[in-house]
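# below is the structure, and that's it, no one-letter string:
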Ligand code: ZN
């Protein structure tokens, strides 16, 4: 089995389609989406529709998915995110509002747990530092946990020799072998990377060969930015896509 692991699409259909083409969907058995399908980008309905076209996929809810349907307050969002959230909320089709409302916050599949933020607090918590990861290892029972939300690819592990929790930043296109260790794995963001690289990020997980491969793919950033300008979305959200921050 091969799983495509994607997160934080954020209404960026051009980036999502670039990922799907790059990975080759005929090589994928199931898609795992770690939430924030909408928010920020110009194509919220289209991104949900694209997910729903997959014959086999799993998806958890993210904070922007819940904010767009009014389930959580946007008071803690920055001003640009608030504008984009209101814009998204006004455009979501009734059917897609229903769809987002029914997403689970956590899915356990085989030896993996899927969440948006963290296993301890699936909607809101950011796992940025090893200290946060360390606290979270006791909140899932599977060997692996896939989490997004930070928009920055990372792998957290406990070093067996030192018992210290560490973070490593994966190198694109060089598969990482997974043995018996427990890991928290973040595939980065498809639609709004924040690690200084504007290319869309994703991972392919293959439990049979016990490997996870992290990949980046360029997409037509100008096209997404053009759509955002047409819709009058905030300038800061448009320009950040050029730089990946
Ligand atoms: Zn996000």
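Perfect, I can see it now. Nothing here was measured: the structure is a model prediction, and the numbers come from that model.
# buried sites along the helix ranked longest in the chain?
Taking DSSP state H as the criterion, the chain has its longest helix at helix 79-91. Across helix 79-91, burial judged by 16 or more other Cβ atoms under 10 Å covers 80-81, 83-85, 87-89, 91. Where you see a C-beta, it was placed from the backbone N, CA and C, and this is true even at glycine.
# then stretch 172-189?
Buried residues in stretch 172-189, counting neighbours by 16+ other Cβ under 10 Å, are found at 175-176, 178, 182-189.
# from those residues, which land in strands?
176, 183-186 (DSSP state E).
# secondary structure element holding residue 227?
If you go by DSSP states H and E, residue 227 is part of helix 221-230.
# which residues of the chain fall in strands?
For the chain, the strands defined by DSSP E cover 3-6, 30-33, 57-59, 106-109, 112-115, 144-146, 154-158, 165-168, 176-177, 183-186, 200-206, 211-217.
# got TSV for those strands, with mean pLDDT and distance to residue 231 too?
Formatted as TSV, the strands of the chain follow (pLDDT from 0 to 100; distance: least, Cβ to Cβ, whole Å):
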stretch	mean pLDDT	distance to residue 231
strand 3-6	98	23
strand 30-33	98	23
strand 57-59	98	24
strand 106-109	98	32
strand 112-115	98	30
strand 144-146	98	31
strand 154-158	94	32
strand 165-168	94	36
strand 176-177	94	38
strand 183-186	98	29
strand 200-206	98	20
strand 211-217	97	24
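# wait, which of these is closest to residue 241?
Residue 241 sits nearest to strand 200-206 of all those, at 10.3 Å, using Cβ to Cβ.
# list the helices and strands the closest one packs on?
Other helices and strands packing on strand 200-206, by 3 or more Cβ pairs under 8 Å, 6 or more residues apart in numbering; DSSP states H and E, are strand 3-6, helix 13-23, strand 211-217.
# can you confirm whether the shortest one lies near the ion?
Spelled out, it's strand 3-6. No. No part of strand 3-6 sits near the ion under the criterion Cβ under 5 Å from the ion; the closest distance found is 11.7 Å.
# contact residues of the protein facing the ion?
Residues of the chain lying near the ion (Cβ under 5 Å from the ion): 8, 36.
# again, only using 6 Å
Proximity of the chain to the ion is confined to 8, 10, 36, 62, 64, 149, 151 under the rule Cβ under 6 Å from the ion.
# among these, which lie within helices?
residue 64.
# list buried members of the residues of the chain next to the ion by neighbour count.
Here, 16+ other Cβ under 10 Å leaves 8, 10, 36, 62, 64, 149, 151 buried among the residues of the chain next to the ion.
# what's the closest of these to residue 226?
residue 10 (16.4 Å).
# surely the closest one is in contact with residue 36?
Yes. Using Cβ atoms under 8 Å as the test, residue 10 is close enough to residue 36 to be in contact (5.7 Å).
# what sits in contact with each of the two?
Shared contacts of residue 10 and residue 36 (Cβ atoms under 8 Å, 6 or more residues apart in numbering): residue 64.
# now do the residue of the chain most remote from its centre against the ion, distance only.
The outermost residue of the chain relative to its centre, with distances by Cα atoms, centre = their mean, is residue 161 at 31.1 Å. According to Cβ to the ion, to the nearest Å, residue 161 and the ion sit 34 Å apart.
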